[in-house]
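> This is a predicted model, with the sequence first.
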Amino acid sequence: MAKRENPVKMVDISGKELVQRSAEATGEIILQAETINKIRTGTTKKGNVLAVSETAGILGAKRTSEIIPLCHQIPLTSVEVLFNLEKTRIHATCRVSAKYMTGVEMEALVGVTTALLSIWDMVKYLEKDADGQYPNARLENIKVTEKRKYE
């Protein structure tokens, strides 16, 4: 077999023990105050933005290995997505846990980002300006806020 320069490979974790692990990631979406009010009152065209986005975040966390090429397929035992609405932003948190041989921070990051993207998708018609652009809407501060390994 030919040898490649700079080979790409998934890390072999087969020698590691199963350990309970958890991670939390957070992020924010910045929106116009009117958009946040429509989310709060449930008056958007696509329905319950937070319920759909919570489900999207859970699904995103569960499917992380399908979109991040070198992530392991981790059997998650818990995924929780939470939202906190302010005047012009929504804070999202995704908490993930599993008993596995590697951490779950990528799953938490994909979960929170997917939840935020789902919010954007559901309210983008409210955020577009006359030119079809998004001058206010943006994602910010996506980060891992906690990673634990329980031994």
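Here it is on my side, so go on. Numbering: from 1, shown residues only.
> Now for I67: which residues touch it?
I67 makes contact with V110 under the criterion C-beta atoms under 8 Å, 6 or more residues apart in numbering. No exception for glycine: its C-beta is placed from N, CA and C like everyone else's.
> Next, find the distance separating it from T114.
9 Å (C-beta to C-beta, to the nearest Å).
> Next: M10.
Relative to T114, and taking C-beta to C-beta, M10 is found at 22 Å.
> where do the strands sit along this protein?
19-30, 76-85, 89-100, 138-150 (DSSP state E).
> I'd like to know which elements the second one is packed against.
Applying 3 or more C-beta pairs under 8 Å, 6 or more residues apart in numbering; DSSP states H and E, one finds that strand 76-85 contacts helix 33-41, helix 49-62, strand 89-100, helix 105-127.
> Residues contacting that strand, please?
By C-beta under 8 Å, 6+ apart, the residues outside strand 76-85 that reach it are 36, 39-40, 50, 53-54, 57-58, 61-62, 90-99, 104, 107, 111-112, 115.
> ok, now how distant is K124 from A137?
7 Å.
> which one of the two has more residues nearby?
Between K124 and A137, counting by other C-beta atoms under 10 Å, A137 is the more crowded of the two (18 against 15).
> Not counting its neighbours along the chain, what's nearest the more buried one?
E127 (4.3 Å; C-beta to C-beta, 6 or more residues apart in numbering).
> any idea how far K46 is from the one you found?
13 Å.
> Same drill for the two, tell me which one is more crowded.
Each of E127 and K46 had its neighbours counted (other C-beta under 10 Å), and the higher figure belongs to E127 (19 against 12).
> And the helices and strands packed on strand 76-85: which comes nearest R148?
strand 89-100 (8.6 Å; C-beta to C-beta).
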